[in-house]
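Asks: my questions concern the predicted model and sequence given below.
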Protein chains: 4
Amino acid sequence: MQAAAAAAALYYNKEKKIMIKAGIMGSTGYAGGELARLLLQREDVEIKWYGSRSYVDQTYASVFQNMFQITEDTCKDDNMKELAREVDVIFTATPQGFCASLMNDEILSGTKVIDLSADYRIKDVAVYETWYKMEHKTPQYLKEAVYGLPELNRDKIKNARLIANPGCYPTCSTLSVYPLVKEGLIDPNTLIIDAKSGTSGAGRGAKVDNLYCEVNENIKAYGVGVHRHTPEIEEQLSYAAGKPVTISFTPHLVPMNRGILVTAYASLTKETSYEEVKAVYDKYYEKEYFVRVLDKDVTPQTKWVEGSNFVDVNFKIDPRTNRVIMMGAMDNLVKGAAGQAVQNMNLLFGLPENKGLKLVPMFP
Amino acid sequence: MQAAAAAAALYYNKEKKIMIKAGIMGSTGYAGGELARLLLQREDVEIKWYGSRSYVDQTYASVFQNMFQITEDTCKDDNMKELAREVDVIFTATPQGFCASLMNDEILSGTKVIDLSADYRIKDVAVYETWYKMEHKTPQYLKEAVYGLPELNRDKIKNARLIANPGCYPTCSTLSVYPLVKEGLIDPNTLIIDAKSGTSGAGRGAKVDNLYCEVNENIKAYGVGVHRHTPEIEEQLSYAAGKPVTISFTPHLVPMNRGILVTAYASLTKETSYEEVKAVYDKYYEKEYFVRVLDKDVTPQTKWVEGSNFVDVNFKIDPRTNRVIMMGAMDNLVKGAAGQAVQNMNLLFGLPENKGLKLVPMFP
Amino acid sequence: MQAAAAAAALYYNKEKKIMIKAGIMGSTGYAGGELARLLLQREDVEIKWYGSRSYVDQTYASVFQNMFQITEDTCKDDNMKELAREVDVIFTATPQGFCASLMNDEILSGTKVIDLSADYRIKDVAVYETWYKMEHKTPQYLKEAVYGLPELNRDKIKNARLIANPGCYPTCSTLSVYPLVKEGLIDPNTLIIDAKSGTSGAGRGAKVDNLYCEVNENIKAYGVGVHRHTPEIEEQLSYAAGKPVTISFTPHLVPMNRGILVTAYASLTKETSYEEVKAVYDKYYEKEYFVRVLDKDVTPQTKWVEGSNFVDVNFKIDPRTNRVIMMGAMDNLVKGAAGQAVQNMNLLFGLPENKGLKLVPMFP
Amino acid sequence: MQAAAAAAALYYNKEKKIMIKAGIMGSTGYAGGELARLLLQREDVEIKWYGSRSYVDQTYASVFQNMFQITEDTCKDDNMKELAREVDVIFTATPQGFCASLMNDEILSGTKVIDLSADYRIKDVAVYETWYKMEHKTPQYLKEAVYGLPELNRDKIKNARLIANPGCYPTCSTLSVYPLVKEGLIDPNTLIIDAKSGTSGAGRGAKVDNLYCEVNENIKAYGVGVHRHTPEIEEQLSYAAGKPVTISFTPHLVPMNRGILVTAYASLTKETSYEEVKAVYDKYYEKEYFVRVLDKDVTPQTKWVEGSNFVDVNFKIDPRTNRVIMMGAMDNLVKGAAGQAVQNMNLLFGLPENKGLKLVPMFP
């Protein structure tokens, strides 16, 4: 923690206010826009660089009209090298492989990097290359990179240079089931995770499949058996279980903008009461600001966390099948992307972890 | 089939056209309205009775304005006894327990009854009373009632007097997994069914939970571990498996009007190829007009069946977990309620099973 | 009508059933898909050609998965010349200018053409070129082309070779206000038409503006003051008024798949009672199958006509401002495109005008 | 302003931090919930009373689950008299007539009241009673009440005891057209306001008309010619015009949760250029934090202001008709209700007007 405090000391400005200079690569996608929304509401952070490949030289507010009169900045290209000299922290909300292709020692010695892509999430480069079907350009940084799920890795994050910001599904899935895996209450190899996501998770690219008329009034599974978030979840749960874990993971596309709901099924290792399971969830989450263990029989709903960094979790024991159904809901763009990235930034700079993130969910 | 043909002969009118007189109890709910939509497009059926509890003496078109200038009839009360004297077939789209509370020999000797409620779906009255938390008023008809899933029970339906029209989730769930259970390719007790439904399944009652602003931009599970459709699915799968089956079933509410998607997970009993599983689906469904086994890697989507009586099914083998993921999509108001009821009516009256049901799904 | 009957006689097949061979150019857009939906449900029409620019050689059912097992045909290119030799009627659901660029005498002497684009809707080529910002390649056919709004031009349509199928907004706008313009009850130059459309009207092209997340939970005006449907509406209303009419027309994009709602405002030329205005609407629409004049104080809603060829209209007199508010609702893909095209086809071939179009709107 | 500063001085707490004690009557409706969302994010306001008629003694977080672990308070009844003794400001988000029926001198001498209902918006009690069809119980306070639209009435608000918080449609309508009426650029009696609202404006009452399946995929006008917000808009525009103004106003229900879009049409009093009109908008709004006059040809969209207190306005001159089309977009629950109430509270207590309201709109 001392290192973090020391790091923070560097960022005080003349009026003795901390002032973090931040750059966003890929700022014109949905996660990039959400980062801007969160950072522009802070007085201690200044966005110095709105990176983009498609909108260079256009004002950021013309790309995201919600920002009109809030920022007058113009999009620049995604030049990581120059960016590293100008800012204290770089957020990369860029396509898979892009961040890894640019990473080098100079960048990491000059700035913190919070990578919202998947490039440094999976420690085993072979697993990454198999699921992502691309070569990893800088596997030498995999060991150093810290998986940025604060509820599991808080201390490591504080002193890291390179944060692998978790995927949206893995964040919600892992937090929903972690306590029961860790405590051995469920057999992790019986885990089936059925996840449902709003459409912002599909990105802002112009594809027929993501047109309003194709998504609206529709639900479908996709990536069945082959979704790239599968090994990421498995790796985290393997650490928790202390042994290799293989799961079934199926994502679905839901006609809504934001939100992920996870419904997870697993066999209990022994007969267990509601109170025992509740105690295990409380053990891990009672002090976590962003994880809310709901009251008995209240099911998580994505609408109740929209716009916030909360993850709502709960569970139901089914004595007929000796299974437990675990549920989690969060906003995929906040806790599943930009909010978690800011949470990591706060940790990196020695700030209160929930600074700028005490957002009350918006309803309706 | 002879009996059915003979039955049909009774309904020819003067111009030698068959003319079935139908009555709908509970015609002002969503399933009732869908029945009216389907029957009003037919030239061989006449709706003689629009039953209702809430809208008696109002024109049907004032309740469902889409029917304006299509029918000028007025809602009558839900008088089953009188109805039985006037019509050839009664559809009961009424709350649980209502149909059972009125049933008697006089009604069944005078008319056919297709019950869209759950009253006669479950053979074991104790199971019914446990899950539905109400006394069954006429269990003496449970044995006679035929479970109206034509793809499984076609021959029995043709000669029945009382049809228990299946529930929406059970229809989609059963058809999605039936071939693999029947052929022993999966262990039915590993079955986990994660289902997602549009909001019309929640009915037209004025409840805060079903308001636009509560459902829109939201997804949640409900009835976790206790949903009433669970024992109905289990009973049908038990027949297929030849032994008792216990499953996990979790429904979810999705922000769309129509459609059910089922994602079902089960362990394969042995290593099995795509071709083997495909052959089993084809064995059962190749000749079924309403069940479409999709091409490899095409996932069912509710939008592709909207407004039609189709069920689209497909599957994916996951060799990592030795599980198979089975998927099915249908319109909950058509194949999940009114369409299936009409399919049963066609069978009861010796008509082509798909008469009036060759509806091309509406897209977008 | 004799000509039409004679024309129809040509299309009887061996079993003395009429059989119209149809081709669709631009069959893979939303209007093209809706044409296929409507025509595939008919026994007297055969689709011989699914034209496309983007999906040549792919099965039509892979482009519109709702058609799976309903048609096994494959998309061909948009070759109008060859098509004219093979079919009795060509529907062109193609981009502006495309149909006009291919039209010639050979095509028109060999087949009927129903053009769903705007190429032949506006008689004055200068107006067309000003608003559409492109050169008209075959203005010599403008005079011959018949504006295919059957409620206004029924007799001319019957004997036409080339039908200019009206635009979606013009259909709904014109039918909503026509009787009052024709009878001089309103001053047409005070007309303000505020229209709202579902997103299928924006087409199936992959554009960021039409992505789910951009349209959902949003409403906006577009093309303010410059929308191309303005002169089309003005031309039709000028005929009705017997003098040039200039209007304000503003379309809006609404987060729903289908439907257009028109709210039109105009000053009454004199004090007028509800009964007088109602009588005028009835005079023009009482015998029209597809135009439903609603009961007093019932406002048109797009949901009540979804999937059907109906236009629901109604009005409200505002004595405070001496204005009348006229409202109309229809399905933009049916009465606003494909349904109206089929209505025109029926007229061209001497068939009952509502053949295959007696669709009960789908609710919910 | 001195009075306001003095007033504010009363609310400093021990640590010399201002601390306003607030009560919300009608806290369990959508506007009440939004007030809670905005106030709970502030460190200088404490909500002392969550009033409700339907949920007394239930925890507020059980009514609005988004508030879970954010407030642990319980709903109390709507006792205004007691409330006036306990808090510095009362927000009444209650049905029409309720606030007026309870108002008295004791309340007003003990606390500030910001009434989100319509009870004190219209100065002429006869107009109120005609449009609202109820007797006004305390017309004696109409003169004192200040219409709380800060952009028009800032100075009066600062010293008021009783604020009539404007209606959602009047806020958006008035701000969209005010500069042009005030400067005489348009003839106000030609004004036609066509407004579109998300469904949260319809409230949280359990009505069939507001069910998800009735609103979704649908658009309709309602209250045509008789909507209660009409005289409120007319009154404000009459002040601006310096003469009585009569307008046409038609609201529409749109399938989205939040947002109001106004499209307003009026005849220009003389030929006017874009630059002239733009200059007039800028004259009134350049210094207004919450009104954003968009760049040329950028149309307001509700999504770009969602969750924020902004109103985005713009216009288009149509030389063909000599009309100007004025457009405005805002969030009906924020600037149209709770946000504006907080803006008024800030003014009442001598705080920066945008305190706690510098919310970046959420997109998507």
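Replies: Good, I have the coordinates. Numbers count the residues shown, from 1 in each chain, chains lettered A, B, ... in the order given.
Asks: residues of the stretch 51-200 of chain A that sit close to chain B?
Replies: A:I192, A:D194, A:K196, A:G198 (Cβ under 8 Å from any Cβ of the partner chain). C-beta: built from backbone N, CA, C; applies to glycine.
Asks: reformat those residues as JSON lines; add secondary structure.
Replies: Output for those, formatted as JSON lines (DSSP: H, G, I helix; E, B strand; the rest coil):
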{"residue": "A:I192", "secondary structure": "strand"}
{"residue": "A:D194", "secondary structure": "strand"}
{"residue": "A:K196", "secondary structure": "strand"}
{"residue": "A:G198", "secondary structure": "coil"}
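Asks: just the residues you listed that are near chain D?
Replies: Counting by Cβ under 8 Å from any Cβ, no member of these reaches chain D.
Asks: just to be sure, A:I114 is in a strand?
Replies: Yes. Assessed with three-state DSSP, A:I114 lies in a strand.
Asks: assign a three-state SS to A:A195, would you?
Replies: At A:A195 the chain is in strand, as set by three-state DSSP.
Asks: close enough to count as contact, A:G51 and A:C75?
Replies: Yes. Judged on Cβ atoms under 8 Å, A:G51 makes contact with A:C75 at a distance of 7.1 Å.
Asks: more neighbours: which of those two?
Replies: Applying other Cβ atoms under 10 Å in any protein chain shown to A:G51 and A:C75 shows that A:G51 carries more neighbours, namely 25 against 22.
Asks: now for that one: which residues touch it?
Replies: For A:G51, the contact set (Cβ atoms under 8 Å, 6 or more residues apart in numbering or on different chains) comprises A:G23, A:I24, A:M25, A:G26, A:S27, A:C75, A:K76, A:D77, A:D78, A:N79, A:L83.
Asks: could you find the closest non-adjacent residue to it?
Replies: Using Cβ to Cβ, 6 or more residues apart in numbering or on different chains and skipping the chain neighbours, the partner closest in space to A:G51 is A:M25 (3.9 Å).
Asks: residue contacts, the residue of the stretch 251-364 of chain A at minimum distance from chain C?
Replies: Per Cβ to the nearest Cβ, A:N257 is where the stretch 251-364 of chain A lies closest to chain C, at 5.1 Å. Contact analysis of A:N257 by Cβ under 8 Å, 6+ apart lists A:G198, A:T199, A:S200, B:E217, C:Y212, C:C213, C:N216, C:E217, D:P364.
Asks: name the member of the residues you listed with the most neighbours.
Replies: When neighbours are counted by other Cβ under 10 Å, A:G198 leads the contacts of A:N257 with 31 neighbours.
Asks: my guess is A:I317 contacts A:E276. True?
Replies: No. In this structure A:I317 lies outside contact range of A:E276 using Cβ under 8 Å: 9.3 Å.
Asks: any low-confidence regions in the stretch 1-150 of chain A?
Replies: Applying pLDDT under 70 to the stretch 1-150 of chain A flags residues A:1-16.
Asks: what ranges does it have for its strands?
Replies: Counting by DSSP state E, counting those that start in this stretch, the stretch 1-150 of chain A has strands at residues A:20-25, A:45-51, A:75-76, A:89-92, A:112-115, A:146-147.
Asks: ok, the second one: who's next to it in the sheet?
Replies: According to DSSP bridges, strand A:45-51 has the following sheet partners: strand A:20-25 (parallel), strand A:75-76 (parallel).
Asks: comparing these, which comes out most buried?
Replies: When you average the neighbours per residue for each of the strands paired with strand A:45-51 (mean count of other Cβ atoms under 10 Å in any protein chain shown), strand A:20-25 leads with a mean of 25.
Asks: pLDDT score assigned to the closest residue to A:Y169 other than its chain neighbours?
Replies: Residue nearest to A:Y169 in three dimensions, not counting chain neighbours: A:H229, with 4.2 Å by Cβ to Cβ, 6+ apart. For A:H229, the model assigns a pLDDT of 98.
Asks: quick one: average pLDDT of the top helix by length along chain A?
Replies: Taking DSSP state H as the criterion, chain A has its longest helix at helix A:168-182. Helix A:168-182 shows a mean pLDDT of 98.
Asks: same for that helix, what does it pack against?
Replies: Applying 3 or more Cβ pairs under 8 Å, 6 or more residues apart in numbering or on different chains; DSSP states H and E, one finds that helix A:168-182 contacts helix A:150-158, strand A:192-197, helix A:229-241, strand A:248-253, strand A:260-267, helix A:274-285, strand A:311-318, strand A:323-330.
Asks: ok, back up a step: could the contacts of A:N257 be laid out in JSON lines, adding distance to A:V305 and pLDDT?
Replies: Putting these into JSON lines (distance: Cβ to Cβ, whole Å; pLDDT from 0 to 100) gives the following:
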{"residue": "A:G198", "distance to A:V305": "12", "pLDDT": "98"}
{"residue": "A:T199", "distance to A:V305": "17", "pLDDT": "98"}
{"residue": "A:S200", "distance to A:V305": "14", "pLDDT": "98"}
{"residue": "B:E217", "distance to A:V305": "11", "pLDDT": "98"}
{"residue": "C:Y212", "distance to A:V305": "20", "pLDDT": "98"}
{"residue": "C:C213", "distance to A:V305": "18", "pLDDT": "98"}
{"residue": "C:N216", "distance to A:V305": "18", "pLDDT": "98"}
{"residue": "C:E217", "distance to A:V305": "17", "pLDDT": "98"}
{"residue": "D:P364", "distance to A:V305": "16", "pLDDT": "97"}
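Asks: which of those fall in helices?
Replies: If you go by DSSP H, those have C:Y212, C:C213 in helices.
Asks: closest to D:V262 out of the contacts of A:N257?
Replies: The shortest approach to D:V262 among the contacts of A:N257 belongs to C:E217, at 17.5 Å (Cβ to Cβ).
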